[in-house]
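Student: Below is the sequence, then the predicted model.
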Amino acid sequence: MFGTNLLDRRSRPERIADQAWQHLVSVVGSAGDSVRDTARSARRGGHRLGDEAGDLVGSAADEARRRATLAFEALAGRRPALPWTLLISAALVGAAIGWAAGTAARAAGSREDTAVDDIEFVDVDRPNAPIPQD
C-alpha cells in the first residue's frame, strides 16, 4: 500500500513518461530478440549458401586448373598421357566377354543332337527316282 501511495503522488507527466519508458524498454527488448533470431537464421542460411558456393567454386577451380594444365602441356608440344587405366579395363572386359562367348560356343558344340541322325536325304534331281522304304 505504501508503494501505491508514492506512485499516486507523482504528477501525470511523470506517470506518462514512466509508462512510455516501460513500453520503450519492452519494445526494444522484443525487437532485440527478433533481430537476434533473424540474425541466427540468416547466419545459418548464409553458412549453407556459403558452403554450396564454396563447393561450386572449388569444383570450378579444379576444372579450370585441369584445363589450364592441359592447355599448357599442349602449347609446350607435349602429348597427353595415355589413359592406361581405361585401356587396361577395356582389355579385361573384352577378355571376359571373349571367355564367356567361347564357353557358350563349346557348350553348344558339345551337345549331342539326336534329331540330326534321323534325317533322311532324298535326291530330288531325278523326277522318277524311287523313294527308299525302310
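Tutor: Received, thanks.

Student: Could you identify the helix or strand that succeeds the lengthiest helix in the chain?
Tutor: In the chain, taking DSSP state H as the definition, the longest helix is helix 12-75. Following helix 12-75 in sequence order, the next helix or strand is helix 84-110 (DSSP states H and E).

Student: Quick check, pLDDT for G32.
Tutor: Per-residue confidence (pLDDT) for G32: 71.

Student: So what's the residue count around it?
Tutor: If you count neighbours by other CB atoms under 10 Å, G32 ends up with 10. Any C-beta I mention is one placed from the backbone N, CA and C, and that applies to glycine too.

Student: mind checking how far it is from A39?
Tutor: The gap separating G32 from A39 is 10 Å, by CB to CB, to the nearest Å.

Student: With Q133 instead?
Tutor: From Q133 to A39 the distance is 107 Å (CB to CB).

Student: Between the two, tell me which one has more neighbours.
Tutor: A39 (11 against 4).

Student: for G58, what are its contacts?
Tutor: Listed by CB atoms under 8 Å, 6 or more residues apart in numbering, the contact set of G58 is empty.

Student: To clarify, my last question referred to R10.
Tutor: D18.

Student: Can you say which helix or strand has it in it?
Tutor: According to DSSP H and E, R10 maps onto no helix or strand at all.

Student: re the thing from before, quick one: distance of the longest helix of the chain to the chain centre.
Tutor: In this view, helix 12-75 has its centroid 27 Å away from the chain centroid, taken as CA atoms, centre = their mean, to the nearest Å.

Student: pLDDT below threshold where in the protein?
Tutor: Low-confidence segments of the chain, defined by pLDDT under 70: 1-9, 45-47, 49-50, 53, 56-57, 111-119, 121-132, 134.

Student: per-domain residue ranges of it.
Tutor: Structural domains assigned to the chain are 2-81, 83-112, following automatic domain parsing.

Student: want to throw these into CSV with distance to E120?
Tutor: Formatted as CSV, the domains of the chain follow (distance: least, CB to CB, whole Å):
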stretch, distance to E120
domain 2-81, 66
domain 83-112, 19
